[in-house]
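Colleague: Sharing a sequence plus its predicted fold:
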Amino acid sequence: MVNEKYKGLEMRKVYGDTMIKLAEKNDKIVVIDCDLSLSMGTKEFYSVYPERAFNVGIQEANACCVAAGLSTLGYVPFVHTLAVFATRRICDQIFLSCSYAGRNVKIIGGDSGICATMNGGTHMAFEDIGVLRSIPDITIVEPTDNAMMAKLLPIIAETYGVFYVRYPRRMTVPVYDDNEEFTIGKAKLLKDGSDITIIASGLTVSESLNAAKMLEADGISARVVDMFTIKPIDREIIIDSALKTGAILTVENHNVIGGLGSAVSEVLSENFPTLLKRMGVNEEFGEVGAQDYLADRYKLTAKYIYEESKNLLKKKAR
């Protein structure tokens, strides 16, 4: 049954519980918080492993440098804070102290995009992928649901290098079976199709699946791809989708500049130019609101994905 094991759990709870399990097996795993352990789901980790948990306060840049230092001693540090602070605020430290220095640091950014809800535009990271994607040797992943988060974390912990994980702290729509397996850098083909391909990530994956059902009712065959690894992106499935459907729609909880849509367009332009439409936040700032309202405000729901798919297919027909 899909996600039965994690039913009713917020993703931060799954994240925190999984980190404790990983720490049981690997005594080099440490967590570094910026006064947000309760918000990020790591509070219980402090009770179980107090000697391996550090709260540096509201000093995100310092937290990143502490993590880099611990990495030189053989530790596997996970730095936790909100996505805006994990990217915009500490970009230089990620570049110099982590990536350029070849360290083993995992950066966890909570409440990316509209998931920031009531924290509003100042805390709504629509640019976090774009901020980090151009830095060499960074892996960027966006877990779709609880099952994926639980499966990706052990891989991330065991893989040397700099990772950025953007995730919603609260409830997610279940997409995957509890026993599903994932490979960093390889997308998941959730539904095959021949007329159009919808490539999505994060919370837009479930909405894309719903849109595909709406299209199917109109006799349209939509392929749905979960591109949970933004970097390195799965070039093979992008090119294959272009060959099979001739039209690609990308959907992301991020600015259309610099994120998933940009990455997909780069692959297509260099390998197999294809009709493409990018859906996401169109050069706007965030605002205060409930997630359902914000999803509609920024047109990230199945209804809008369905409409854009139909518009793209009209262009394809011409």
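Modeller: Structure received. The model shown is predicted, which means the values in this text are computed figures rather than measured ones.
Colleague: For the rest of this, base every contact and every neighbour count on C-alpha atoms.
Modeller: Will do.
Colleague: gap between the two ends of stretch 43-63?
Modeller: 17 Å (C-alpha to C-alpha, to the nearest Å).
Colleague: Tell me which residues of it come out buried.
Modeller: Within stretch 43-63, the residues that count as buried by 16 or more other C-alpha atoms under 10 Å are 43-46, 52-55, 60-61, 63.
Colleague: Which of these fall in strands?
Modeller: Among the buried residues of stretch 43-63, DSSP state E puts 53-55 in strands.
Colleague: Listing partners with orientation, what would you give for the helix or strand containing residue 197?
Modeller: With elements taken from DSSP states H and E, the one containing residue 197 is strand 196-200. Using DSSP bridges, strand 196-200 pairs in its sheet with strand 222-226 (parallel), strand 247-255 (parallel).
Colleague: now that strand: how far from the chain's centre is it?
Modeller: 16 Å (C-alpha atoms, centre = their mean, to the nearest Å).
Colleague: what's the answer for stretch 269-282, then?
Modeller: For stretch 269-282, the distance to the chain centre is 19 Å (C-alpha atoms, centre = their mean).
Colleague: all numbers from here: first residue = 57
Modeller: Sure, I'll start counting at 57 from here, so that last one is stretch 325-338.
Colleague: outside of that stretch, which residues touch it?
Modeller: 182, 295, 298-299, 302-313, 317, 321, 324, 354-356, 361, 368, 372 (C-alpha atoms under 8 Å, 6 or more residues apart in numbering).
Colleague: about what we covered before: name the residues of the helix or strand following the strand holding residue 253 that come out as buried.
Modeller: Later in the chain than strand 252-256, the nearest helix or strand by DSSP H and E is helix 260-273. Residues of helix 260-273 classed as buried by neighbour count (16+ other C-alpha under 10 Å): 260-271.
Colleague: Can you name every helix or strand that helix 260-273 contacts?
Modeller: strand 278-282, strand 303-311, helix 358-373 (3 or more C-alpha pairs under 8 Å, 6 or more residues apart in numbering; DSSP states H and E).
Colleague: how about these in TSV, adding mean pLDDT, mean neighbour count and distance to residue 147?
Modeller: Converted to TSV, those look like this (pLDDT from 0 to 100; neighbours: other C-alpha atoms under 10 Å; distance: least, C-alpha to C-alpha, whole Å):
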stretch	mean pLDDT	mean neighbour count	distance to residue 147
strand 278-282	98	25	27
strand 303-311	98	26	17
helix 358-373	96	17	32
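Colleague: Next, format the ones you listed as JSON lines and append distance to residue 199.
Modeller: Formatted as JSON lines, the helices and strands packed on helix 260-273 follow (distance: least, C-alpha to C-alpha, whole Å):
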{"stretch": "strand 278-282", "distance to residue 199": "10"}
{"stretch": "strand 303-311", "distance to residue 199": "12"}
{"stretch": "helix 358-373", "distance to residue 199": "19"}
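Colleague: Residue 274: neighbour count?
Modeller: 10 (other C-alpha atoms under 10 Å).
Colleague: just to revisit the earlier point, closest to residue 208 out of the strands paired with strand 252-256?
Modeller: strand 278-282 (14.2 Å; C-alpha to C-alpha).
Colleague: helices or strands up against the lowest-mean-pLDDT helix or strand in the chain?
Modeller: Within the chain, confidence by mean pLDDT, DSSP states H and E is lowest for helix 93-96 among all helices and strands, at a mean of 79. Of the remaining helices and strands, those touching helix 93-96 by 3+ C-alpha pairs under 8 Å, 6+ apart are helix 67-81, strand 132-138.
Colleague: Would you mind writing the CA trace of that helix as PDB?
Modeller: Extracted C-alpha coordinates of helix 93-96, given in PDB (Å, rounded to 0.1, in the frame of the first residue of the first chain):
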ATOM      1  CA  SER A  93      15.600  21.900  15.800                       C
ATOM      2  CA  LEU A  94      11.900  21.700  16.600                       C
ATOM      3  CA  SER A  95      10.900  23.200  13.300                       C
ATOM      4  CA  MET A  96      13.300  21.000  11.300                       C
END
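Colleague: who's in contact with it?
Modeller: So helix 93-96 is in contact with 68, 72, 99, 111, 136-138, 166, 225, going by C-alpha under 8 Å, 6+ apart.
Colleague: JSON lines please, covering the buried residues of helix 260-273 and showing pLDDT and distance to residue 233.
Modeller: As requested, these are exported to JSON lines (pLDDT from 0 to 100; distance: C-alpha to C-alpha, whole Å):
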{"residue": "260", "pLDDT": "97", "distance to residue 233": "18"}
{"residue": "261", "pLDDT": "98", "distance to residue 233": "15"}
{"residue": "262", "pLDDT": "97", "distance to residue 233": "14"}
{"residue": "263", "pLDDT": "97", "distance to residue 233": "17"}
{"residue": "264", "pLDDT": "98", "distance to residue 233": "18"}
{"residue": "265", "pLDDT": "98", "distance to residue 233": "15"}
{"residue": "266", "pLDDT": "98", "distance to residue 233": "17"}
{"residue": "267", "pLDDT": "98", "distance to residue 233": "20"}
{"residue": "268", "pLDDT": "98", "distance to residue 233": "19"}
{"residue": "269", "pLDDT": "98", "distance to residue 233": "19"}
{"residue": "270", "pLDDT": "98", "distance to residue 233": "23"}
{"residue": "271", "pLDDT": "98", "distance to residue 233": "24"}
